[in-house]
Structures are given as structure tokens and as C-alpha cells.
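[1] build me a model from this:
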Amino acid sequence: MRKWLNLNPTKKAILVGIMTVVVYLTVVVLTTPALEPLAAVNAAFQLNAIVIIGMGIGIGLQVFLSSKSKLLGCKLNIKRKALSGNSGSVVSTSFFSFFSLVPLGCCGWWLYILSLLPGIVGTGVSAVLIEFSQPLAYLGLVIIFGFNGLTIIKLRKEMRLRKSV
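    Below you'll find the model as predicted:
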């Protein structure tokens, strides 16, 4: 654990970004018993390459910014709402991106979730969520990078304040 704390922000960000992609693909493989693991991963990349890579980069960037600000001793005052919003957008992005894999035979476990969805949120909302799952996954990426953009702005502002003092 101590080695993790001593990693520089760039190495930490790359490691977390890679781990994000590995976790996503592991979920794809585990929830797709009908396909060979390589075929499931291939299908996931064919349909969701932007989402998979975007989540890895977005979460890696989030870790980089957080680590860099701590290294510089900055207090960005990032509220828990922002952090939970970013985490929520990561979860929703991956959740919606799995829906698009179901027609290919990928993520068969998600068929079970889809069958429960109308009972939870209603038929109309379920239809919209399923029909627009890909744009909703992209919207989640926009939110992830939006929070990162706000963090960059706050970090730059904090660094300018430190230089002027």
C-alpha cells in the first residue's frame, strides 16, 4: 500500500486507467458465458471502444488531477457531491454501454437486468433507457470529462493564487 502512495501522479493515473479497462472487460467476459472470452472482448471493443477507452482515460485523468493537487498541497475544495457525481457517471456509463452488447450475445446477464427494468422504473422509461443506451453512455463520458475539466480549472486557479502570494 505504501508503494501505491509513493507513485508519481502520472504512473498512478496510467495504472488506474488500465485497471478500469481491465475491470470493464472482466465484467464483459464474466457475464458472457455464451461466447469465448476473446470473442466477448472483441465484440465489446467493436461496439464500445470509445466508451471503454474514454472511461480509462477519464478515470486516469481524475486520479492524476487528484494526486497532482495533493502533491502540490492544493486544497481544491472538491465537494463529495462532485466526487459522487463523477463516480455515478462512471457507473451509469458502463451500465448503459453493456446494454448495446446484449444483441450480440454479449453480457447475457444484462438480459436479466433488462427484464427487471420495467418493474422498477416503468415500461416507458425502460424503453427510453434501452433505446438510447449508447447516447446515454456517451453522455456519461461527457460528465466524467466535464468534472475533470472543472478540476483542471480549480487547480489552475489555486496555482495562480499561490504564485501571486
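[2] in this structure, where is pLDDT below threshold?
    For the chain, the stretches flagged by pLDDT under 70 are 1-5, 75-87, 100, 102-112, 114.
[3] state the distance from the residue nearest the centre of it to residue 162.
    Taking C-alpha atoms, centre = their mean, the centroid of the chain lies closest to residue 90, which sits 3.3 Å from it. Distance, residue 90 to residue 162, using C-beta to C-beta, to the nearest Å: 30 Å. Any C-beta I mention is one placed from the backbone N, CA and C, and that applies to glycine too.
[4] need the phi and psi values for residue 34.
    phi -80, psi -20 (degrees, to the nearest 10).
[5] burial measure for it, as a count.
    11 (other C-beta atoms under 10 Å).
[6] ditto for the one 10 residues further on
    For residue 44, the count of nearby residues is 25 (other C-beta under 10 Å).
[7] how about it, nearest residue that isn't a chain neighbour?
    Spatial nearest neighbour of residue 44, excluding adjacent residues (C-beta to C-beta, 6 or more residues apart in numbering): residue 28 at 4.6 Å.
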